[in-house]
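Novice: Mind looking at a prediction? Sequence and model below.
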Amino acid sequence: MPGRLSDPGADTIVPISLESRQPVVLSLRHGVSAPVFRVYISWSRGSLLHVACLRPPSLEPDGAGDDEEEGGKVVEVRLGTGDGGISEAQMRRIAYGSVPPFVELQSWKNSLASLSMMSSSSFRTEKWQYILEYSRKVNELLKTHQIPPDNVIEDPRIIVKLLKETSSLRAAWELMEIFFIDKQSLSWLPERLVDWLEEYDSLVTRTDLTVYSKLVAMQKKLVDFKVIEDNPDYWEAVSSALAVGWLDTVAKLLRLHGSYQLDQLDDRETENGLVEAVAVLILTMPRLCPDLSSEKIGQCYDTKPDFIKAWEKWRGQVSKLERSAYWVQCSHHQTREGLQKLLKILLGNISNLTSATCHWMELLISHLLYTRPFIMGLEGLNNLAQKCQQLKPTAEYNGLMSLLMGILQESPEAVLAECSRTYGPWMVAHGTELLAAGSDYADIQLHEERYNLGSISIEELHWLVYAQVLSSHPLTWQIASTYLAQCPKQGLGLLEFLLYKQPLQHHQGIFKNLDLSRSYDLDNISASIMKIAGMHHWKHGRKGFGIYWLQLARDEVRLNRIAQQLFEFIGRSLSDDSFQQWEGLIELLGTRVGSSGGLEFLHKYRDLKRLLKQVEDGRAVNAARLAAESLVQLMKSPSTPQQFWLPLLYDSVSLLNWKAQPLLRVSETNLLLNKLQDLSMAKMCPGFVDSNLPSHALSSVRLALAKNLGRAILEEC
Amino acid sequence: MEREVASLEKGAVCCAWNYCGQRIAVGHIDGYVSIHDSHDYPAAPSSSSKWKAHSSSVVKVVWTPPECGDAIACICEDGKFSLWEEIDEDTQCPTWKLCKLFENSGSHVLELQFGVFVTNLKMVAAYSDGHVKVYELMDPLNLDKWQLQAEFQNVLASVSRFGKASCKSASIAWNPHRIESQQSSFVLGFSSDQPQLNSSKIWVFEEAHQRWISVAELALPEDDSDRVHAVAWAPNIGRPFEIIAVATSKGIAIWHVVLDPESDGRLPTEKVALLEGHDGEVWQLEWDMSGMTLASTGSDGIVRLWQSNMNGVWHEQTVLDCNAAQS
């Protein structure tokens, strides 16, 4: 079988990749013992896949046979949620938190696009500011909550802060921010990378040794050291910390040196002086950056000429100390050796830098600090990184380092692939903004429409993929629409399918769905949702709700069928007790039915039937008159469906044949005759619905109308 | 990555999910059908109902579109099929009621699928003698009144007729597009002893002449009318072309189809990939809701996910192995 067997705990299934690669192979834990007879699959919302595994069936009833096992299991598999090792709840917090900055940025871009300002120079400047602001807001979200230290009194022996739950996602985001959008930082790139490594050194590798892991190990042993400066691990740790520029750690470590102790037995003044001299040089190291935070050590210079001047002077001091005669007077061998190593690092001795660092990224940083502080441009940095990789080869390239290499190689494809593979759809959907800002080439790559993708851009594709992942979870599906709305071509198409696949048993769900479909003018899907809700309620004994939803959906076909059912029922069971149920339904409908449903006439028909009943009982002439008026009104009303004309007239034959006097005037009778004529014409049209009346119904109505007309003419003469 | 949503009783032979994936209908070897309801997070205890639908084994269950309420079709081993719907007159206890039993003398129904349109529900059923019947629901409120709208064979020229065909299985997929103006269309393929019937063809309902016509064949001459084991029509959320997957013994072919006929009335088609990987017959193909990922499963007991990369090259993206030993 092709592919590699993945870590069963790893969530590595990532949708849409840039390149074809070996498939991820996962064993599905479904709990059905082998052999599996059949496997059924079905996609649910978003990227949820349902898998049913069935055992070979047997006709033996449950409980019989050799075992008690079930016939199969259904499991739900969530795909495409690779997220750099962040917990589900944390990822949800990030998903919700990143919506406002994303929307703000997109609305700003849309407003500019509408003003056709995309190419102006003022736009470009403003763009950096907006994207930087967006990046910083997102970066803030990715921060993990640091647990405050247990001990409020600072322990001088704590030399490194233990990083809790360091976020690889944030480390990756910061890398992209440094290289792609923070234009200001490009001038002091080496220093930004030094800071970055200080925070994320623990993430550059999972398997190999790092300066951070070395310091953590040393810190644990610190309490056991009697004479710290005698221990080679101490000097190694100081060298390593110095090589990667963690000057405050170096200063702390140096101050632990035994020569600082007050109760000295030997004469150690010179030794102490040398330690302090090196410490002073370290503390005054020139740094090319706008300002140093209060925790940082060094002399800050924000212009290159000032920095060069200070750098040369400082290196002169380091060299001078290296050649100093005081070393002869330092009797402590390890101290002399250790301090001289430190000076060599400060002077950029490559073999010392190489031996003091563990990982190639650390070696790269040490070069930036001590040999190439003025390096500019990604090409130079990339060449240097490759040299460092040759010197410090690593078996494992994790996602973060692959991302850095993609950035240094100026390959947006590699950056996207790495973001997708290691950090998942959230990172790709949000990080494309940074990537596009990085270079015109990346911008074109991301926004170019591609036929292979269905004539959408890579950016839109990744928004669609992210929205699909969001829609897989009941707690996040609602924010998927925000991203889909930004997709110029296929977003609303996907939103339609997403809304259609939402369960609609509860009113709350229906209203939420309708709100969303109305917000995006998806009238078709609104109608579908209302039809589905209407039919569900109609079939589940909530006929009032059923009609309510079908009316809103303007589903004339179904409403006419309901009208027919009600009409037949009212005609049949006026005296029936169960009429109460239907009456209540008609009352509920009131006049809100409008012309679409054709149910308004049922209300009037109910009144007509009541009057006809009184007429049949021979109670009142007035009732007959009112019934005749009601009949004419019903026949005139455009909301009375044609299919009910003949049944209405047939029900009213007794009125038309009223012996005492004609109840309808000539004009009214003509109107009814015309309706009858229309009806015979309509019979020839497709879609005509015939009523289930006896065959003589039409002729008896016609005769009765003729009789009434004759008598009315005589009366009106 | 995975969580259990339902446990099925012994004797389960087939199953199908409803439109939102919350209800599963399961067919049993003893002719029973059961419905399992699962709910969203947090997992609530699932409820279920069960009834005897046929005297012999149920071989396939299909949900109707939700616009018709909660209803299923059950195909039985003896070639009959029945329609059942959930009703609840007193809002106390919903029950499943038989709406209609379809019996066909001489031939067995192999496959059926529902397509929903603005005014009515259509059902296409494929039979073991190679015939295809399209039914139309006459009353949208009741699933018992159906009218046979058309009957034809799965061949390109409407005049050709084949005598005795013996079909093992059939695969049908409606165009899932929900645009009202679009014509009804579906794709259909057979696994039979008649090569002309086998290849997948796209059928479109021509309103003007009120007839079904085949407008494209999804097979190349060298495919030699391979038996078709499964078809799936991808949802189209805005692509200028349709994507249809067809599984034969050679693998899963991915076709691009443009729904804009050429002068001869045929639809332009292009086979863009042949995906090989399943060891044995492919049983089922399912597209996700964006039409970007195809899931397939087959007799090798493996679920495979397929995607196209940025350059339009289709590849196997993930393999979910269901054969691994379970602890």
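Specialist: That came through, no problem. Numbering: from 1, shown residues only, chains lettered A, B, ... in the order given.
Novice: care to break chain B down by domain?
Specialist: Annotated domains of chain B cover B:1-104, B:108-326 [automatic domain parsing].
Novice: Can you check which of those domains gets nearest to A:Ala217?
Specialist: domain B:1-104 (34.5 Å; C-beta to C-beta). The C-beta positions use only the backbone N, C-alpha and C, and glycine is treated the same way.
Novice: now the domains of chain B in JSON lines, with distance to A:Leu648 and mean pLDDT?
Specialist: As requested, those are exported to JSON lines (distance: least, C-beta to C-beta, whole Å; pLDDT from 0 to 100):
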{"stretch": "domain B:1-104", "distance to A:Leu648": "29", "mean pLDDT": "87"}
{"stretch": "domain B:108-326", "distance to A:Leu648": "22", "mean pLDDT": "89"}
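Novice: so who does residue 127 touch?
Specialist: All of this refers to chain A. Neighbouring residues of A:Lys127 by C-beta atoms under 8 Å, 6 or more residues apart in numbering or on different chains: A:Ala437.
Novice: I was thinking of chain B, sorry if that wasn't clear
Specialist: Counting by C-beta under 8 Å, 6+ apart, B:Tyr127 makes contact with B:Asn104, B:Ser107, B:His108, B:Val109, B:Leu110, B:Lys133, B:Cys167, B:Ala170.
Novice: gap between it and chain A?
Specialist: Per C-beta to the nearest C-beta, to the nearest Å, B:Tyr127 is found 23 Å from chain A.
Novice: Angles on the backbone of that residue, please.
Specialist: Backbone torsions of B:Tyr127, given as degrees, to the nearest 10, read phi -110, psi 160.
Novice: From chain A, how far off is B:Asn104?
Specialist: Going from B:Asn104 to chain A by C-beta to the nearest C-beta gives 25 Å.
Novice: Neighbours of that residue, how many?
Specialist: Per other C-beta atoms under 10 Å in any protein chain shown, the neighbour tally for B:Asn104 reads 16.
Novice: Next, it: secondary structure please.
Specialist: Classification of B:Asn104 by DSSP: H, G, I helix; E, B strand; the rest coil places it in coil.
Novice: which ones are touching it?
Specialist: B:Gly79, B:Lys80, B:Tyr127 are the contacts of B:Asn104 under C-beta under 8 Å, 6+ apart.
Novice: Leaving aside the residues adjacent along the chain, what's closest to the first one?
Specialist: When you say that, I think you mean B:Gly79. Of all residues not flanking B:Gly79 in the chain, B:His108 sits nearest, at 2.8 Å (C-beta to C-beta, 6 or more residues apart in numbering or on different chains).
Novice: would TSV of the domains of chain B with distance to A:Leu679 be doable?
Specialist: Formatted as TSV, those follow (distance: least, C-beta to C-beta, whole Å):
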stretch	distance to A:Leu679
domain B:1-104	31
domain B:108-326	21
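Novice: which parts of the stretch 401-550 of chain A sit against chain B?
Specialist: The interface of the stretch 401-550 of chain A toward chain B, taken as C-beta under 8 Å from any C-beta of the partner chain, is made up of A:450-456, A:458, A:464-465, A:468, A:473-475, A:489-490, A:492-494, A:496-498, A:500-504, A:524-525, A:528, A:531-532, A:535-536, A:538-542.
Novice: which ones among the residues you listed are found in strands?
Specialist: If you go by DSSP state E, those have nothing in strands.
Novice: Now which of these would you call buried?
Specialist: Using 16 or more other C-beta atoms under 10 Å in any protein chain shown as the burial test, these include A:450, A:453-454, A:456, A:458, A:464-465, A:468, A:473, A:489-490, A:492-494, A:496-498, A:500-504, A:525, A:528, A:531-532, A:535-536, A:538-540, A:542 as buried.
Novice: just to confirm, which helix or strand has A:Val250 in it?
Specialist: Assigned by DSSP states H and E, A:Val250 belongs to helix A:247-254.
Novice: Can you list the helices and strands that that helix packs against?
Specialist: Helix A:247-254 sits against helix A:232-243, helix A:269-283, with contacts defined as 3 or more C-beta pairs under 8 Å, 6 or more residues apart in numbering or on different chains; DSSP states H and E.
Novice: Tell me the buried residues in the last one?
Specialist: What it means is helix A:269-283. A:Thr270, A:Glu271, A:Asn272, A:Leu274, A:Val275, A:Glu276, A:Ala277, A:Val278, A:Ala279, A:Leu281, A:Ile282, A:Leu283.
Novice: wait, which of the residues you listed is closest to B:Ala73?
Specialist: A:Ile282 (80.3 Å).
Novice: List the contacts of the closest one.
Specialist: Residues counted as contacts of A:Ile282 (C-beta under 8 Å, 6+ apart) are A:Leu242, A:Leu247, A:Val250, A:Ala251, A:Leu254, A:Ile297, A:Leu342, A:Leu346.
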